[in-house]
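[1] this one's sequence-less:
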């Protein structure tokens, strides 16, 4: 994602790459970010920490791991920089800490930066409201075999969209796995299944199964470019916003 963000940002006249970071000890440290991203030099050496490159007029794009994201958020807030966070896998405590930090600056936080997924969530909310309770909601997601968290943050977010539209408490309704003699499905359940195989970038399908019919709403990411383009769009949008936490719905004006 870092390479892709740099590559796409360098081709957008509205954007300028001012810093890039990697973990301490990484082989790319000190190299030019533009060259590592597959293009010509940008004059931006890859640093070992965000503190070395973060400044007030910057927007920090973070697609890392939960602990690193929290550390980056602290630095961004301290320096007055904006935030665009696409990291998933945060536990409830980490999510609360991130949001408490991000509220002090201008930040877009989303489990999926894709414009298509944002629209999918809107369609899912509409379907969940229009279809009665006999249409039971199940969510299936597929990602590459190296993804560390399951179910995906996007699948969980879609589950919360269904629950919100149907005035349910997601934590009570969600069933993240079924195994063995579990009995008949409870009508209020929102099932979520995570699949891991090959190099799949990310597929999400929300199934509303009724009696004699079924509605399926699907988004398939063909490359990570959709995530990077959405993140850059969010960075451009949030740069001029007042302090607060925003979502991709805000970025799209939904």
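    Arrived safely. The model shown is predicted, which means the values in this text are computed figures rather than measured ones.
[2] residues in contact with the longest helix along the chain?
    Taking DSSP state H as the criterion, the chain has its longest helix at helix 115-130. With C-beta atoms under 8 Å, 6 or more residues apart in numbering as the test, helix 115-130 has contacts from 110, 112, 137, 154, 157-158, 161-162, 164-166, 204, 206, 208, 215, 217-219, 221, 226, 229-230, 233, 248-249, 251-252, 254. From N, CA and C alone the C-beta is placed, and that goes for glycine too.
[3] can we see that at 6 Å?
    Applying C-beta atoms under 6 Å, 6 or more residues apart in numbering, the contact partners of helix 115-130 are 158, 161-162, 165-166, 206, 208, 217, 219, 230, 248, 252, 254.
[4] and of those residues, the nearest to residue 77?
    residue 248 (21.0 Å; C-beta to C-beta).
[5] please work out how many residues are found near that closest one.
    26 (other C-beta atoms under 10 Å).
[6] which residues sit in contact with it?
    Contacts of residue 248 by C-beta under 6 Å, 6+ apart are 110, 118.
[7] check what pLDDT it gets.
    For residue 248, the pLDDT comes out at 96.
[8] same deal with the one 5 residues further on?
    Looking at residue 253, its pLDDT stands at 95.
[9] which residues touch whichever helix or strand comes after the longest helix of the chain?
    As assigned by DSSP states H and E, the chain's next helix or strand after helix 115-130 is strand 136-143. Residues outside strand 136-143 that contact it (C-beta under 6 Å, 6+ apart) are 151-152, 155, 158-159, 162, 190-195, 200, 202-209.
[10] now these: which count as buried?
    151-152, 155, 158-159, 162, 190-194, 200, 202-209 (16 or more other C-beta atoms under 10 Å).
[11] tell me which stretches of the protein form strands.
    Along the chain, counting by DSSP state E, strands occupy 20-21, 46-47, 59-62, 82-85, 106-109, 136-143, 174-175, 190-196, 202-209, 214-221, 244-246.
[12] which of those sits most buried?
    strand 82-85 (a mean of 28; mean count of other C-beta atoms under 10 Å).
[13] any idea how the protein splits into domains?
    Domain assignment for the chain by automatic domain parsing gives 2-109+224-252, 115-221.
[14] deepest in the core, which of the ones you listed is it.
    domain 2-109+224-252 (a mean of 18).
[15] to the chain's geometric centre, what's the distance from it?
    Chain-centre distance of domain 2-109+224-252: 12 Å, with C-alpha atoms, centre = their mean, to the nearest Å.
[16] that domain: end-to-end distance?
    Using C-alpha to C-alpha, to the nearest Å, the end-to-end distance of domain 2-109+224-252 comes to 23 Å.
[17] again, but for stretch 16-33
    12 Å.
[18] against residue 76, how distant is the closest residue to residue 18 other than its chain neighbours?
    Distance criterion C-beta to C-beta, 6 or more residues apart in numbering; nearest residue to residue 18, sequence neighbours excluded, is residue 58 at 5.6 Å. Residue 58 sits 8 Å away from residue 76 when distances are taken as C-beta to C-beta, to the nearest Å.
[19] do you know how far the residue nearest to residue 237 when sequence neighbours are not counted is from residue 57?
    With sequence-adjacent residues excluded and distances taken as C-beta to C-beta, 6+ apart, residue 237 is closest to residue 251, at 4.7 Å. Between residue 251 and residue 57 the computed distance is 20 Å (C-beta to C-beta).
[20] check residue 157 too.
    30 Å.
[21] how far off centre is stretch 107-116?
    That offset, for stretch 107-116, works out to 5 Å (C-alpha atoms, centre = their mean).
[22] let me fix that: stretch 156-163
    Centroid displacement of stretch 156-163 relative to its chain, using C-alpha atoms, centre = their mean, is 14 Å.
[23] contact partners of that stretch?
    111, 121, 124-125, 128, 137, 139, 170, 173-174, 190, 192, 206.
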